[in-house]
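A.B. asks: sequence first, then the predicted structure, then my questions.
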Amino acid sequence: MSIPYGRQSISEADIAAVAAVMTTDWLTMGPVLAEFEQAVAQLAHTPAATAVSSGTSALHCAYAALGVGEGDEVITSPMTFVATAATAIAEGAKVLFADVQLDTGNIDVDSAAALVTSKTKVIAGVDYAGHPVDADELSALAHGAGAFFLEDAAHSIASTYRGRPVGSLADITAFSFFPTKNMTTGEGGAVVAPDAALVERARRFRSHGLVRDKAEQRYPDEGPWHQEVHEFGLNYRLPDVLAAMGLSQIARIEEFKARRTAIFDRYTAELADVDGLILPAKRDYVDPMWHLYPIRVQGGRRREVFEFMRAQGVLVQVNYIPAYWHPAFEDLGYQRGMCPNAELYYEQEISLPMYADLTHDQVSRVIEVLRAALAA
Ligand SMILES: Cc1ncc(COP(=O)(O)O)c(C=O)c1O
């Protein structure tokens, strides 16, 4: 049996929660969605949350809520999935890539600072592997430039930074609930913010920009059926069926975190003496919920180790090709060599299997196969 790099953990309670919603009147836009949003907000220590159909739609709603548009610049990390940048581009912004810290893979604050201009609208950090970014410094940098600090927390729900939960750190934060993530709704995501008005703007964008509140409408006397659109949005709604899965999963989040932490600690202890590897760094003021276990293979051997492990049924992954290496960016004129740390990190990186249901024996197997790959 092969071992994937990430996988969901589904309990009988999760299944029962989904099934229960299927016989109600509310498959979508119902009370379970509202309950799930409350649970996400509670976890993030924010006044509200808007649940959406994916991490990508969460990012898109977040940029839209911040008013990102033509003429704006968004500074972000290349060490991410393309969606962090693509959704800013979808809103008409120009994306600038700052380099990363070589040890954490997170955006480097000085590198971001060097890119700030009068057009900077958002500085978007990505909590790579689950490790929170330097939130206080990025927040100060963004606010000093009259910009917003957005946190792409696709990897890091339930992580904390200086004792504060991810979600409460930035002006706006996007979560992903894809199956490999820290918790899942199948597909899904959420937007949270300390300012409830921003969460409401994201909520409106999620549902076509529809304005239903008579007090806000331009033509409130049109009739009781009337709703109107003031700014365009899309349909990024999360069905109640999936919100039910999320609600059940979020009740298990500390169990998931404990398991991921134990796996992280075991890899770190048992791989410490292996030559040719660099293990992930952790700042002492964060408590990550580890989404990935990113190792860096020295000596130009990444591909060889990757292929050896895959052939042995350990389905390791690489996270990430620097975002601007994608041909879509290349065609816009972005050039390789721009962020040397991100490129070096990418050239060495392999993500070992990391998920709550990974057993003790499977972790032993991953370690054994990795050691064999390096000894080969
Ligand atoms: C850092 C990061 N941002 C955004 C996303 C997009 O999330 P989703 O796959 O839920 O759309 C992902 C998921 O792969 C991600 O890893």
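C.D. replies: Happy to help now that I have it. Residues are numbered from 1 along each chain as shown.
A.B. asks: which residues sit in contact with the residue of the chain found nearest the ligand?
C.D. replies: Distance from the ligand to each residue of the chain (Cβ to the nearest ligand atom) is smallest for G55, at 2.4 Å. Heads up, the C-betas are built off the backbone N, CA and C, glycines and all. Residues in contact with G55, defined by Cβ atoms under 8 Å, 6 or more residues apart in numbering, are A83, D152, A154, A174, F175, S176, F177, F178, K181, G189.
A.B. asks: which helix or which strand is home to the residue nearest the centre of the chain?
C.D. replies: Central residue of the chain (Cα atoms, centre = their mean): A154, 1.1 Å from the mean position. Following DSSP states H and E, there is no helix or strand that holds A154.
A.B. asks: hmm, it is touching A174, no?
C.D. replies: Yes: the criterion here is Cβ atoms under 8 Å, and A154 meets it with A174 at 6.8 Å.
A.B. asks: need the overlap of contacts for the two.
C.D. replies: With Cβ under 8 Å, 6+ apart as the test, A154 and A174 both reach G55, G189.
A.B. asks: what's near enough to touch L370?
C.D. replies: Neighbours of L370 in contact, by Cβ under 8 Å, 6+ apart: L271, V274, I295, V305, M309, V314, L352.
A.B. asks: what is the burial count for the closest residue to Y161 other than its chain neighbours?
C.D. replies: Of all residues not flanking Y161 in the chain, P132 sits nearest, at 4.0 Å (Cβ to Cβ, 6 or more residues apart in numbering). For P132, the neighbour count with other Cβ atoms under 10 Å is 29.
A.B. asks: can you point out the buried residues in stretch 27-44?
C.D. replies: G30, V32, L33, F36, E37, A39, V40, A41, L43, A44 (16 or more other Cβ atoms under 10 Å).
A.B. asks: on that earlier part again, so the residue of the chain closest to the ligand versus V366, what's the distance?
C.D. replies: Distance, G55 to V366, using Cβ to Cβ, to the nearest Å: 26 Å.
A.B. asks: ditto for L43
C.D. replies: 29 Å.
A.B. asks: what does D357 give?
C.D. replies: Taken as Cβ to Cβ, the span from D357 to V366 is 14 Å.
A.B. asks: so the two - more neighbours on which side?
C.D. replies: Under the criterion of other Cβ under 10 Å, the comparison of D357 against V366 puts V366 first, with 26 against 11.
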